[in-house]
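K.L.:
I'd like to go over a predicted model; first the sequence, then the structure.
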Amino acid sequence: MPPDSFVPARYADYLAKARKDGDESAYRHYWELCVILGLRDGLRSGDVYVPGSRRYADPATYLYTPAQWEPRQADCCRLVGKPAKARRRAGAGQGGTACRAGGDGEGSVGCAAR
């Protein structure tokens with residue numbers, strides 16, 4: 001059974017009929033269209049990227065590494081009006097908002113609520 005989770009609902013009936021008739025090659029153009037639509041959506045969202053492309057580059061390449069972020073942190077935090085270090089709110093038990101190097105394990109950085 002072919003994977004069809006990416007097939008738009010408007011084409012699902014065509015593909016189901018082709019599967020039922022046992023003649024999916026007759027509807028190959030619908031499969032190709034669905035793949036192209038899925039690829040288009042992936043490129044637009046950044047889930048799919050093209051190495052070497054300027055328009056469809058990996059979004060992670062736009063982020064600073066922790067080593068690049070460190071010398072810029074103070075200036076960036078001053079520009080956005082946020083402290084470079086998180087502060088605890090009295091009685092709330094939650095951290096404040098701070099500019100920080102990303103702790104997501106992927107080396108991204110930015111301003112985030114803590």
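P.N.:
Sure thing, it's come through.

K.L.:
tell me which other helices or strands the longest helix along the chain touches.
P.N.:
Longest helix in the chain by number of residues (criterion: DSSP state H): helix 28-45. Packed against helix 28-45 by the contact rule (3 or more Cβ pairs under 8 Å, 6 or more residues apart in numbering; DSSP states H and E) you find helix 9-21. Backbone N, C-alpha and C define where each C-beta goes, glycine included.

K.L.:
can you list the low-confidence ranges for the protein?
P.N.:
1-2, 24, 26, 88-114 (pLDDT under 70).

K.L.:
which segments of this protein make up each domain?
P.N.:
9-58, 63-113 (automatic domain parsing).

K.L.:
the first one: end-to-end distance?
P.N.:
This means domain 9-58. 29 Å (Cα to Cα, to the nearest Å).

K.L.:
equivalent analysis for stretch 18-33, please.
P.N.:
15 Å.

K.L.:
buried residues, it. List them.
P.N.:
Judged by neighbour count (16 or more other Cβ atoms under 10 Å), stretch 18-33 contains these buried residues: 18, 27, 30-31.

K.L.:
how about the domains of the chain in JSON lines, adding distance to residue 3?
P.N.:
Output for the domains of the chain, formatted as JSON lines (distance: least, Cβ to Cβ, whole Å):
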{"stretch": "domain 9-58", "distance to residue 3": "11"}
{"stretch": "domain 63-113", "distance to residue 3": "28"}
